[in-house]
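>>> Build the 3D model from these lines:
(2 chains)
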Amino acid sequence: AQSVSQHNHHVILSEAASLELGCNYSYGGTVNLFWYVQYPGQHLQLLLKYFSGDPLVKGIKGFEAEFIKSKFSFNLRKPSVQWSDTAEYFCALNQGGKLIFGQGTELSVKP
Amino acid sequence: DAGVIQSPRHEVTEMGQEVTLRCKPISGHNSLFWYRQTMMRGLELLIYFNNNVPIDDSGMPEDRFSAKMPNASFSTLKIQPSEPRDSAVYFCASRPSDSLNTEAFFGQGTRLTVV
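The predicted structure is shown next:
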């Protein structure tokens, strides 16, 4: 069974539109969650992370994510996207020391 | 710090040849991961080391793949013999410790093409 699921494979938005990318996980242990971004031709970089405490996590570049335990979700949001946000976004779960990634969501922002 | 360093950045090889990918983790990091990224399968975890010891290699596709970490500053991923379906981008990542409260830092990747 997939530990991390990202249901949106490709999202296309216009600049200034709001963004929400879905991430669901299945894991019974302590939950540590991450969102990474991969710009075209580059390596993965950390956007934000959740370990404990406030379920609303702020990251870089105006991104945020909300951990909802009852829904097993950790959705990524941004109120207003820019063309430079065009990239692939990965949700990841720390599963007993292993870092497991979802399939990724490709975001295309039209200028 | 220079970050995680992978070499080569690009590799083109013929089917049947041996391929060795190299990774230098960030100094002081105790955990190291090898991932394979393809369009079809996304980002797959191949193997995970902690303190130079392989902890989980369940993601290694088959016996043609092997990974070693002879010391804290170097790891290799070897494919022998290579096949066209091994074509992918291979990423190495390191993490400060086995603690759950840390993120992994990724290298630039090695783009492997097997013809």
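
>>> from the middle of its chain, how far away would the longest strand belonging to chain A be?
If you go by DSSP state E, chain A has its longest strand at strand A:87-95. Averaged C-alpha coordinates place strand A:87-95 at 6 Å from its chain's average position (C-alpha atoms, centre = their mean, to the nearest Å).

>>> same thing with stretch A:34-45?
From the chain centre to the centre of stretch A:34-45 is a distance of 11 Å (C-alpha atoms, centre = their mean).

>>> Please name the nearest non-neighbouring residue to the residue nearest in space to the middle of chain B.
With distances taken as C-alpha atoms, centre = their mean, chain B has B:Trp34 as the residue nearest its mean C-alpha position (3.0 Å). Nearest in space to B:Trp34, with sequence neighbours left out and distances taken as C-beta to C-beta, 6 or more residues apart in numbering or on different chains, is B:Leu46 at 4.4 Å. The way it works is simple: take the backbone N, C-alpha and C, and place the C-beta from them, glycine included.

>>> how about the one you found, phi and psi?
Dihedral angles phi and psi of B:Leu46 (degrees, to the nearest 10) take the values phi -90, psi -50.

>>> distance of B:Leu45 from B:Arg95?
B:Leu45 is 13 Å from B:Arg95, where distance means C-beta to C-beta, to the nearest Å.

>>> any common contacting residues for those two?
Contact criterion C-beta atoms under 8 Å, 6 or more residues apart in numbering or on different chains; residues bridging B:Leu45 and B:Arg95 by contacting each: A:Leu99, B:Phe33.

>>> who are the neighbours in contact with the nearest residue to A:Lys71 once chain neighbours are set aside?
If you skip the residues right next to it in sequence, A:Lys71 has A:Asn24 as its closest partner in space, 7.5 Å away by C-beta to C-beta, 6+ apart. By C-beta under 8 Å, 6+ apart, the contact list for A:Asn24 reads A:Val4, A:Ser5, A:His7, A:Lys71, A:Phe72, A:Ser73, A:Phe74.

>>> for A:Ser18, same thing?
Contacts of A:Ser18 by C-beta under 8 Å, 6+ apart are A:Arg77, A:Lys78, A:Pro79, A:Ser80, A:Val81.

>>> Report how many residues lie close to residue 59.
Reading this off chain A. Neighbours of A:Gly59 under the rule other C-beta atoms under 10 Å in any protein chain shown: 18.

>>> ah, no, chain B please
Here the count is done by other C-beta under 10 Å, and B:Gly59 has 17 residues near it.

>>> State the pLDDT value of it.
pLDDT recorded at B:Gly59 is 92.

>>> my read: it touches B:Ile47, true?
Yes. B:Gly59 is within contact range of B:Ile47, at 6.4 Å (criterion: C-beta atoms under 8 Å).

>>> Show me the beta-bridge partners of the residue nearest to the centre of chain B.
For B:Trp34, the residues forming beta bridges with it (DSSP bridges) are B:Ile47, B:Cys92.

>>> In contact with it, which residues?
Shown in contact with B:Trp34 (C-beta under 8 Å, 6+ apart): B:Cys23, B:Leu45, B:Leu46, B:Ile47, B:Tyr48, B:Ala67, B:Ser75, B:Leu77, B:Tyr90, B:Phe91, B:Cys92.
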